[in-house]
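In: Predicted structure and sequence below. I'll ask about it afterward.
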Amino acid sequence: MANSDWGKNVVLGENVKIGKNVILNHNCIVEDNVIIGDNSFVDSNSIIRSFSNIGAFSNIGSNCIIGEYWMDYYNDHQKHEHPLIIGQNALIRSGSIIYAGSSIGNHFQTGHQVTIREKAQIGNNVSIGTLSDIQGNCKIGNYVRLHSNVHIGQLSVIDDFVWIFPYVVLTNDPTPPSENFVGVHVHSFAIVATGSIIMPGLDLGQDCLIGAGAIVTKSVEPYAVVVGNPAKKVSDVRKVKNKITGELVYPWREHFANYMPWDGIGFDNWYASLSLKNKDHLAIVD
């Protein structure tokens, strides 16, 4: 199945399905039972491991490992079937490692050297920044933005339209070291600012704002602004004003639309167009 436009030393396994107009650069390895959709590009020295399914129009940078082994491989050196599904229009930048056994939606994007462990469930239009680490068994919704150097502990749940800024840590072990993990739940439209640490098992309510550097030790109610160590509520986001213009700036969905599904029509019009099921899924609290 070699293609004359491919780079040198491309290795293909058995039962590989390569779509139309796919480019594989030098030294790429595509293992058994892999599917790569039409018009995709895999840069040099990347490995696509067995049972990976990559959607059409996807781009994978150099030195990536897609479908990385679980521990069971290192126990017996047999290729166990843990399918990885990545949707269409993915952009996975160089040095990133995505483990087998996860499901990732369309329009997924990473920075460089991102790690995503096994059994992650990630929705559509998600961006994960450089050097971020998503541990196993996490659930991440749609239109979530994680900036660089973010650590998401196992069993974390992040709902739709959440912003998490650099150097944030979601922890999961109440009595370290132990195996009694309990994840953080970040609800829709919440903002977690730079350098915050969230203790295990907490709920961060819809539209809350966690101030930079906060150490959050208690669950946060919807729309609350919390700051400090330990973090305490100091305001309601609906009272926060732009220091330059004096205008209200939250809820952010009413003032920010770049790359969001309501861009050009406004949040209220977009929300009104949703089905009742999708409105219930967002569960906006007044």
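Out: The structure has been received and is ready for your questions.
In: these two touch, right, residue 113 and residue 133?
Out: No: counting by Cβ atoms under 8 Å, residue 113 does not reach residue 133; the two are 9.6 Å apart. Bear in mind the C-beta positions are built from the backbone N, C-alpha and C, glycine included.
In: quick one: low-confidence ranges for the chain?
Out: Along the chain, segments meeting pLDDT under 70 span 1-2, 4.
In: and if we set it to 80?
Out: Applying pLDDT under 80 to the chain flags residues 1-5, 279, 283.
In: and the nearest residue to residue 53 once chain neighbours are set aside, what does it touch?
Out: Distance criterion Cβ to Cβ, 6 or more residues apart in numbering; nearest residue to residue 53, sequence neighbours excluded, is residue 35 at 4.5 Å. By Cβ atoms under 8 Å, 6 or more residues apart in numbering, residue 35 lies in contact with 16, 17, 52, 53, 54.
In: now with 7 Å?
Out: Listed by Cβ atoms under 7 Å, 6 or more residues apart in numbering, the contact partners of residue 35 are 17, 53, 54.
In: where does the closest residue to the first one other than its chain neighbours fall, phi/psi-wise?
Out: Yep, that's residue 17 we're talking about. Leaving out its chain neighbours, the residue that sits closest to residue 17 by Cβ to Cβ, 6+ apart is residue 35, at 4.6 Å. The phi and psi values for residue 35, taken as degrees, to the nearest 10, are phi -120, psi 130.
In: swap in residue 210?
Out: Dihedral angles for residue 210 - degrees, to the nearest 10 - are phi -100, psi 120.
In: Any figure for the gap between the residue nearest to residue 53 and residue 83?
Out: To residue 83, residue 35 is 10 Å away according to Cβ to Cβ, to the nearest Å.
In: intersection of neighbour lists for the two?
Out: With Cβ under 7 Å, 6+ apart as the test, residue 35 and residue 83 both reach residue 53.
In: Quick check: end-to-end length of stretch 110-128?
Out: End-to-end span of stretch 110-128 (Cα to Cα, to the nearest Å): 5 Å.
In: Give me the residues contacting that stretch.
Out: 70, 82, 87, 92-109, 129-146, 148.
In: switch to 6 Å and redo it
Out: 70, 92-99, 101-109, 129-146 (Cβ atoms under 6 Å, 6 or more residues apart in numbering).
In: just stretch 55-70 next, same as before
Out: Counting by Cβ under 6 Å, 6+ apart, 37-49, 52, 82, 84, 86-100, 118 sit against stretch 55-70.
In: Tell me the spacing between residue 127 and residue 162.
Out: Residue 127 sits 11 Å away from residue 162, going by Cβ to Cβ.
In: okay, these two: which has more neighbours?
Out: Using other Cβ atoms under 10 Å as the criterion, residue 127 and residue 162 rank with residue 162 on top: 23 against 17.
In: For the stretch 151-286 of the chain, just list every one of the helices.
Out: Per DSSP state H, counting those that start in this stretch, the stretch 151-286 of the chain carries helices over the ranges 267-272, 276-282.
In: buried ones in the shortest one?
Out: Neighbour-count burial for helix 267-272, counted by 16 or more other Cβ atoms under 10 Å, picks out 267, 270.
In: what separates that helix from the chain centre, distance-wise?
Out: 25 Å (Cα atoms, centre = their mean, to the nearest Å).
In: Could I get the CA-only coordinates of it as PDB?
Out: Output of helix 267-272 as PDB, limited to C-alpha atoms (Å, rounded to 0.1, in the frame of the first residue of the first chain):
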ATOM      1  CA  PHE A 267     -25.500  33.300  23.100                       C
ATOM      2  CA  ASP A 268     -29.200  33.900  23.800                       C
ATOM      3  CA  ASN A 269     -30.100  33.200  20.100                       C
ATOM      4  CA  TRP A 270     -27.900  30.100  20.000                       C
ATOM      5  CA  TYR A 271     -29.300  28.800  23.300                       C
ATOM      6  CA  ALA A 272     -32.900  29.400  22.200                       C
END
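In: Could you count how many residues lie near residue 209?
Out: When neighbours are defined as other Cβ under 10 Å, residue 209 has 26 of them.
In: now swap in the one 5 residues further on and tell me
Out: A count of nearby residues for residue 214, using other Cβ under 10 Å, gives 25.
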